[in-house]
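J.: below are the sequence and a predicted model for it; my questions follow.
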Amino acid sequence: MLPRRTALLLALPVALGLFGYVLLPLGRSILVGVDPEAIGAVFGRGGAGWRGMANSVGVSLATVVLGGALGTALAWCLWRYRLPLRGGARVMAVVPLALPPLVGALAVWLLVGDGGVLPRLAGVALGADALPGLTGRGAVLAVHVYSFHVYYTLFVAAALARLDGALLDASADLGGSPAAAFRTVVLPALRPALVGATLVVFMLSMGSFTAPLLFAGDEPFLTTQIYGFKTNNYLDRAAAIAAVLAAVCIAFLLAAESRRPAPATTGRPPRRATEPRGHLVRRLVVVPFVFTTLALLALPVVTVLLLSLVAEGAWTTQILPTELTFDHYVALATDREVFAPVASSLWMAGVATGVAVVFGTAVALVVTKSKLRGRGALRLASLLPFALPGPVVALALLVWFGAPSAWAGGAVLVGSVWLLPLAYAVRHLPLVVRASQASLEGFDDRLTEAANDLGASGWTAFRTVVLPAIRPGVLAGALLAFVSALGEFPASVLLYVFANRPIAVEVLSRMRAYDLGAAAAYAVLLMILVAVAAAVARRPGEAA
């Protein structure tokens with residue numbers, strides 16, 4: 001436990017930082033947005049605010065239903081049945097989670113959008129031209145289900161891992177049907193996980209920006225309306241929509257934070273349930289469902305990889321490309337202009353991660369290892385940037401730092417290269433806070449007390465005892481923050497300047513210029529960077 005004086009010395013900069021870079025920008029943006037004229041222009045007669053709200057809420061509800069059904073069914077089948085290659089199947093099931101949002105949307109667009117691979121194949125199969133691809137709200141929903149059903153898979157799989165299969169065996173021995181056992185035994189155990197996943201998925205879907213921007217066309221969504229009004233210099237109208245979206249997301253954050261924890265287990269390792277009888281069901285239903293789903297999850301990634309090897313203009317009406325090349329990768333490695341967005345993303349993500357690690361570790365120490373009043377409020381304030389959609393956070397910083405500010409040393413950050421890395425740091429601070437807090441909660445304070453009894457100062461005890469113990473968790477949070485910053489799209493497209501244009505903006509630019517091979521090569525590079533960081537994060541102890 002931190003001494004009170006040390007806790008106060010840490011809490012003061014933590015509170016000032018959260019106040020100046022999170023609460024004040026958000027508060028200022030909300031004040032700008034509650035202007036009656038701006039609200040009337042957006043949500044009054046002739047405004048598109050209500051239609052944007054209906055689209056955002058409707059697609060989010062549909063994502064919860066379809067994504068929940070898909071993710072839960074996949075987790076159940078992987079847990080309940082002894083399938084071939086089950087270990088590899090579990091890894092494949094979470095592939096969409098490893099894709100940056102822009103890459104995931106690009107992958108789905110290349111697969112099922114207008115001119116996509118599947119519409120072309122369907123046209124050939126039917127003896128016709130390529131069929132129309134998915135567009136509008138249907139396409140947005142497809143991207144959301146593809147990207148967000150994974151949260152149901154992960155939450156439900158974790159809950160099933162705690163479920164004792166002996167309960168299902170007992171139900172079967174007493175004559176209960178599989179449906180009755182699922183309803184009376186499994187569903188109550190899964191309810192906390194389903195509620196948690198629903199809150200997360202609904203909030204993520206409401207705040208989604210990439211899919212509506214790429215697919216929605218003329219259909220308004222709240223996040224794309226923020227971007228549209230900002231681009232046309234109607235900051236008050238953008239702020240009005242951001243205020244509504246922020247209120248919805250904050251309500252869901254409070255609901256998620258107030259959820260009851262999952263029931264405690266008995267401490268005895270759960271026993272695996274006996275596999276259901278009826279191999280015909282497994283062979284004809286479960287195995288085709290699981291492996292067809294996994295193939296569909298992998299197809300967008302394969303499509304992006306293939307497209308990155310296609311020369312410009314070499315894949316137009318053909319089902320598959322007839323000529324492959326590594327020119328896009330060679331250009332990334334040899335052309336300074338082509339590599340410039342990669343360099344920009346790397347240095348901005350690096351700076352943002354360094355700031356987030358120092359500040360996030362301090363937040364976690366105050367919240368976890370002190371008895372100061374108000375530490376719960378500090379924790380909620382530190383989690384707020386990740387609960388809010390990227391466009392809301394970016395707009396808040398744009399409004400706040402559009403004038404000289406003491407929090408920017410008296411400078412105006414809008415139009416400079418520093419506002420975007422600041423947004424990355426603020427946006428991904430919660431990842432470091434969460435990871436550091438998890439490590440600190442498992443740290444035994446008696447180790448620090450023993451070091452102090454042996455004459456070590458507070459700093460020496462922290463440096464030699466506490467820091468080595470929590471380093472794996474801090475490193476994991478830092479890597480998550482780094483890869484998230486590399487793939488951050490909403491803040492990037494709203495705040496970048498030409499001198500620091502990042503990978504995500506360059507991908508969008510290449511897509512709009514129909515230079516899809518180069519866009520796919522950037523996307524593949526992002527996937528590789530994410531995969532490398534994820535591999536390091538899985539072995540934090542070795543990396544440390």
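T.: Right, received. Where do you want to start?

J.: per the annotation, how does this structure divide into domains?
T.: Taking automatic domain parsing as the reference, the chain has its domains at 1-24+325-544, 34-307.

J.: what comes up buried for stretch 223-235?
T.: T223, T224, Q225, I226, Y227, G228, F229, K230, Y234, L235 (16 or more other Cβ atoms under 10 Å). The way it works is simple: take the backbone N, C-alpha and C, and place the C-beta from them, glycine included.

J.: also stretch 464-478?
T.: Buried residues in stretch 464-478, counted by 16+ other Cβ under 10 Å: V465, V466, I470, R471, P472, G473, V474, L475, A476, G477, A478.

J.: same thing with stretch 341-351?
T.: P341, V342, S344, S345, L346, M348, A349, V351.

J.: mind listing residues that contact that stretch?
T.: If you take Cβ atoms under 8 Å, 6 or more residues apart in numbering as the criterion, stretch 341-351 is touched by 332, 420-421, 424-425, 482-483, 485-486, 499-506, 522, 525.

J.: can you flag which of those residues belong to helices?
T.: Under the assignment DSSP state H, those contribute 332, 420-421, 424-425, 482-483, 485-486, 503-506, 522, 525 to helices.

J.: from the buried residues of stretch 223-235, which land in helices?
T.: With helices taken from DSSP H, the overlap with the buried residues of stretch 223-235 comprises T223, T224, Q225, I226, Y227, G228, F229, K230, L235.

J.: from I226, how far out is the last one?
T.: In this structure, L235 lies at 10 Å from I226, with Cβ to Cβ, to the nearest Å as the measure.

J.: list residues touching both of those two?
T.: L395.

J.: mean confidence for the longest helix along the chain?
T.: Criterion DSSP H: the longest helix present in the chain is helix 336-369. Mean per-residue pLDDT for helix 336-369: 90.

J.: with stretch 383-396 instead?
T.: Stretch 383-396 comes out at a mean pLDDT of 88.

J.: and if you look at stretch 241-252?
T.: On average, stretch 241-252 scores 85.

J.: go on, stretch 287-302?
T.: With pLDDT averaged residue by residue, stretch 287-302 scores 86.

J.: what does stretch 120-135 give?
T.: 73.

J.: ok, back up a step: in CSV: the buried residues of stretch 341-351, plus distance to V42.
T.: Output for the buried residues of stretch 341-351, formatted as CSV (distance: Cβ to Cβ, whole Å):
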residue, distance to V42
P341, 33
V342, 37
S344, 33
S345, 33
L346, 38
M348, 32
A349, 34
V351, 35
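
J.: pick the one among those residues closest to N452.
T.: N452 lies nearest to V351 out of the buried residues of stretch 341-351, by Cβ to Cβ, at 34.7 Å.

J.: export stretch 95-114 as PDB, just CAs?
T.: Extracted as PDB, the C-alpha positions of stretch 95-114 are listed here (Å, rounded to 0.1, in the frame of the first residue of the first chain):
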ATOM      1  CA  VAL A  95      -8.900 -13.700 -36.000                       C
ATOM      2  CA  PRO A  96     -11.200 -10.600 -36.500                       C
ATOM      3  CA  LEU A  97     -10.000  -9.300 -33.100                       C
ATOM      4  CA  ALA A  98      -6.500  -9.000 -34.300                       C
ATOM      5  CA  LEU A  99      -7.400  -6.900 -37.300                       C
ATOM      6  CA  PRO A 100      -7.300  -3.100 -37.000                       C
ATOM      7  CA  PRO A 101     -10.800  -1.700 -37.700                       C
ATOM      8  CA  LEU A 102      -9.900  -0.200 -41.100                       C
ATOM      9  CA  VAL A 103      -8.300  -3.500 -42.200                       C
ATOM     10  CA  GLY A 104     -11.300  -5.500 -41.100                       C
ATOM     11  CA  ALA A 105     -13.700  -3.200 -43.000                       C
ATOM     12  CA  LEU A 106     -11.500  -3.200 -46.100                       C
ATOM     13  CA  ALA A 107     -11.300  -7.000 -46.000                       C
ATOM     14  CA  VAL A 108     -15.000  -7.400 -45.800                       C
ATOM     15  CA  TRP A 109     -15.500  -4.800 -48.600                       C
ATOM     16  CA  LEU A 110     -13.100  -6.700 -50.900                       C
ATOM     17  CA  LEU A 111     -14.900  -9.900 -50.200                       C
ATOM     18  CA  VAL A 112     -18.600  -9.000 -50.400                       C
ATOM     19  CA  GLY A 113     -18.800  -5.400 -51.500                       C
ATOM     20  CA  ASP A 114     -19.600  -4.200 -55.000                       C
END
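
J.: how far away from the center of its chain is that stretch?
T.: With Cα atoms, centre = their mean, to the nearest Å as the basis, stretch 95-114 stands 13 Å off its chain's centre.

J.: and for stretch 374-392?
T.: Distance, centroid of stretch 374-392 to centroid of chain: 15 Å (Cα atoms, centre = their mean).

J.: output the ones in helices among the buried residues of stretch 223-235 in JSON lines; the columns should cover pLDDT and distance to G360.
T.: Listed next are those as JSON lines, based on pLDDT from 0 to 100; distance: Cβ to Cβ, whole Å:
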{"residue": "T223", "pLDDT": "91", "distance to G360": "26"}
{"residue": "T224", "pLDDT": "91", "distance to G360": "30"}
{"residue": "Q225", "pLDDT": "91", "distance to G360": "31"}
{"residue": "I226", "pLDDT": "91", "distance to G360": "27"}
{"residue": "Y227", "pLDDT": "90", "distance to G360": "28"}
{"residue": "G228", "pLDDT": "89", "distance to G360": "33"}
{"residue": "F229", "pLDDT": "90", "distance to G360": "32"}
{"residue": "K230", "pLDDT": "89", "distance to G360": "28"}
{"residue": "L235", "pLDDT": "88", "distance to G360": "30"}
